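[1] Coordinates for the following, if possible.
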Amino acid sequence: LVQKMSRHNISHETIIEAPIDAVWKELIAIDDWEWNRWTKLKATEPPVEGNRGKLMASYEGDDKWQEFDFAFGPVSESSHLLTWRGSVGGGWLFS
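    As a prediction, the model looks like this:
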């Protein structure tokens, strides 16, 4: 499967002074992302590749949310990897 990357790729990096296992515990607990004002993931199934849910996006971080379908991509506790993908109108919105 070949995917075209959007010209609107968004990337963010945060340096956290905490043990990686503590950070992973907060990241994988998608039902409690109070630390993230811009993105929330809602899913009825656990974060496992292929499981689907709704991505909630607040572009200004002001609790005004837009909702998009998504599916979890690769998830690996040993690599501390959590990914998801989604689209709008047939084009890739996020990956």
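
[2] Going by C-alpha atoms from here, please, whenever you check contacts or count neighbours.
    OK.

[3] Can you tell me how far the most centrally placed residue in the chain is from residue 27?
    Among the residues of the chain, the one closest to the centroid is residue 84, at 5.3 Å (CA atoms, centre = their mean). Residue 84 sits at a distance of 13 Å from residue 27 (criterion: CA to CA, to the nearest Å).

[4] Remind me what the longest strand that the chain contains packs against, helices and strands.
    For the chain, the longest strand by residue count, based on DSSP state E, is strand 66-76. Where contact means 3 or more CA pairs under 8 Å, 6 or more residues apart in numbering; DSSP states H and E, strand 66-76 is packed against strand 52-57, strand 81-88.

[5] can you do 10 Å?
    strand 39-42, strand 52-57, strand 81-88, strand 91-94 (3 or more CA pairs under 10 Å, 6 or more residues apart in numbering; DSSP states H and E).

[6] a markdown table please, covering those strands and showing mean pLDDT and distance to residue 14.
    A markdown table is the format used below for the helices and strands packed on strand 66-76 (pLDDT from 0 to 100; distance: least, CA to CA, whole Å):
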| stretch | mean pLDDT | distance to residue 14 |
| --- | --- | --- |
| strand 39-42 | 94 | 15 |
| strand 52-57 | 93 | 19 |
| strand 81-88 | 83 | 15 |
| strand 91-94 | 54 | 19 |
